[in-house]
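Participant: this is a predicted model, with the sequence first.
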Amino acid sequence: MNATLERWSTRRAFILAVTGAAVGLGNIWRFPYITGENGGAAFLVLYVAFVLLLGLPVMMAEILIGRAGRRAPMQSLGYLAGLAGASRHWRLLGLFGAFTVFCILSFYSVVSGWSIEFLITAVNGGFAGRGADEIAAGFEAFLGDSRRMAFNHTLFLFMTMTVVAGGVAKGLERLNNLLMPLLYLLLVLLAGYAATTDGFGAALAWLFKPDFSAITPLVIMHAMGHAFFTLALGACALMAYGAYMPEHQSLPRAAGAVAVLDVGVALLAGIAIFSVVFTQGMDPGEGPGLMFVTLPIAFAELPWGALWLSVFFLLLLLATWTSSINLAEPMVATLQGMGLSRGKAAAVVGVSVWLVGLLSVLSFSALAEWRPLFGMNFFDLVTTIPTEIFLPVGGLLIAVFAAWIMSRQEAQAALGTGESGFRVWQGVVRWISIPLVAAVLVAGLL
Ligand code: PHE
Ligand code: NA
């Protein structure tokens, strides 16, 4: 790899690629249930604040490093550290990122497998005429069926690793770019439909009327972790994309566009899902099953519901597919950098992620009572610790590297904003983002 890496053909292509990584389960599955578990609007306020104060500046930091290095993450970090006369050990940050995405992909694949199951059920009209209780019971039964879940997990991971191994990610991205607007459209329709239901008012109040007494250090940490997760930040995954960023593109503008699209999808999903929750008298803190139980209920009430539901899960699957490719890429690139062929690297990553993913699968049946740490079972651990601790720690180090370690010329050229824009960005990262992440991590862990 060297400075002649190919670039994305247009500015739009770069934004769409980053959006492909960002928009996924984090918006449609995780955002609603995490918000439901953490008190609604107060959590939403924190999360949006973190997107603005941390997400945007740190996203610029992460992409900027890739853009300045024009290499795979580990190599970029080592190269830029060398230029600045700093320790080459900064490369290890790339390794830490690879470990983080390893953990995340192991459960991401399992939950994407749930979408496969729901897609198949929806196509077969399996939700038609079923009431809320029946749909919830069906989901519970599915969670207990470890064989089916393992099969879907295997299938999804296989889909991901074949694309990564074949290097056809670009083709998939094009398809994704074509179909993503449809996902937005469906979510808008769904939110529009939600506005006609009885629970709509309660859903809006739940999402937008904050009760600040719900905020604790732990809630703040959940919100920060979610901001990193949903923006795909802190694991050097976006750094990898930064290496392909066109020369004359504004980084702040690109980051802003991605953040707006990402938060928009989450809000639409939240409005749709909480309207169902309050119409049906369900518990907003229902947990990871929230989206899977509410959306089939909502669609069942619509004309052509089974068709729309199938289309929805198909689009969701496509969105999670592009995210999981972005999750797998840094690991495969790292192994390739250690001398493995691309195919072998993809196989090694695929098999190891698959094995660890099985522990998540079994967390709903055989291993439900196995609580290795903090009283959480494996699935709860792997959906919490990497997202809420590893990503923020990674993001913190990325921010330190970009704003304190890298040579000023390199950083400023890669940010591409000129003198005053650079000063503002650097000031925000140095004096707001870095201390904020550190403070929230310390407070949350105590
Ligand atoms: N941002 C993705 C989502 O919201 C998840 C992700 C996290 C992707 C970290 C890449 C890196 O679903
Ligand atoms: Na996201």
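Facilitator: Everything's here; your move. Note that the coordinates shown come from a computational prediction; the quantities given were computed from them, not determined experimentally. Numbering: from 1, shown residues only. Ligands and ions are numbered 1, 2, ... in the order given.
Participant: can you give me the strands in the stretch 51-200 of the chain?
Facilitator: Counting by DSSP state E, counting those that start in this stretch, the stretch 51-200 of the chain has no strands to list.
Participant: to what extent is residue 341 buried, counted in neighbours?
Facilitator: 11 (other CB atoms under 10 Å). C-beta: built from backbone N, CA, C; applies to glycine.
Participant: next: residue 196.
Facilitator: 9.
Participant: one more: residue 165?
Facilitator: Neighbour tally, residue 165, other CB under 10 Å: 19.
Participant: what's the answer for the one 10 residues further on, then?
Facilitator: When neighbours are defined as other CB under 10 Å, residue 175 has 13 of them.
Participant: what strand or helix carries the residue nearest to it when sequence neighbours are not counted?
Facilitator: Of all residues not flanking residue 175 in the chain, residue 318 sits nearest, at 7.3 Å (CB to CB, 6 or more residues apart in numbering). Secondary structure from DSSP states H and E places residue 318 in helix 305-337.
Participant: and that helix, what does it pack onto?
Facilitator: Helix 305-337 is packed against helix 11-22, helix 73-83, helix 92-123, helix 146-166, helix 169-194, helix 237-242, helix 290-300, helix 342-362, with contacts defined by 3 or more CB pairs under 8 Å, 6 or more residues apart in numbering; DSSP states H and E.
Participant: that one close to ligand 2?
Facilitator: No. Remark: helix 305-337 sits outside contact range of ligand 2, by CB under 5 Å from the ion, the gap being at least 7.3 Å.
Participant: quick check: mean pLDDT of that helix?
Facilitator: On average, the pLDDT along helix 305-337 is 88.
Participant: again, but for stretch 94-104
Facilitator: 95.
Participant: and what of stretch 234-249?
Facilitator: 89.
Participant: what residues of that stretch count as buried?
Facilitator: 234-245, 249 (16 or more other CB atoms under 10 Å).
Participant: how about that stretch against ligand 1, any contact?
Facilitator: Yes. Using CB under 6 Å from any ligand atom, stretch 234-249 reaches ligand 1 at 235, 237.
Participant: measure that stretch end to end?
Facilitator: 22 Å (CA to CA, to the nearest Å).
Participant: re earlier: can I get the buried residues of stretch 234-249 in JSON lines including distance to residue 296?
Facilitator: Output for the buried residues of stretch 234-249, formatted as JSON lines (distance: CB to CB, whole Å):
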{"residue": "234", "distance to residue 296": "33"}
{"residue": "235", "distance to residue 296": "32"}
{"residue": "236", "distance to residue 296": "37"}
{"residue": "237", "distance to residue 296": "31"}
{"residue": "238", "distance to residue 296": "33"}
{"residue": "239", "distance to residue 296": "38"}
{"residue": "240", "distance to residue 296": "36"}
{"residue": "241", "distance to residue 296": "34"}
{"residue": "242", "distance to residue 296": "39"}
{"residue": "243", "distance to residue 296": "41"}
{"residue": "244", "distance to residue 296": "39"}
{"residue": "245", "distance to residue 296": "40"}
{"residue": "249", "distance to residue 296": "41"}
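Participant: which of those lies closest to residue 214?
Facilitator: Residue 214 has its nearest neighbour among the buried residues of stretch 234-249 in residue 234, at 25.3 Å by CB to CB.
Participant: ligand 1 contacts on the stretch 251-400 of the chain?
Facilitator: Checking the stretch 251-400 of the chain against ligand 1 by CB under 6 Å from any ligand atom, the hits are 323, 326, 327.
Participant: which among those gets closest to ligand 2?
Facilitator: Checking those against ligand 2 with CB to the ion, the nearest one is residue 323 at 7.3 Å.
Participant: residues in contact with that closest one?
Facilitator: Listed by CB atoms under 8 Å, 6 or more residues apart in numbering, the contact partners of residue 323 are 20, 21, 22, 23, 24, 25, 26, 108, 232.
Participant: counting neighbours, which of the residues you listed comes out on top?
Facilitator: Of those, with other CB under 10 Å as the count, residue 108 tops at 30 neighbours.
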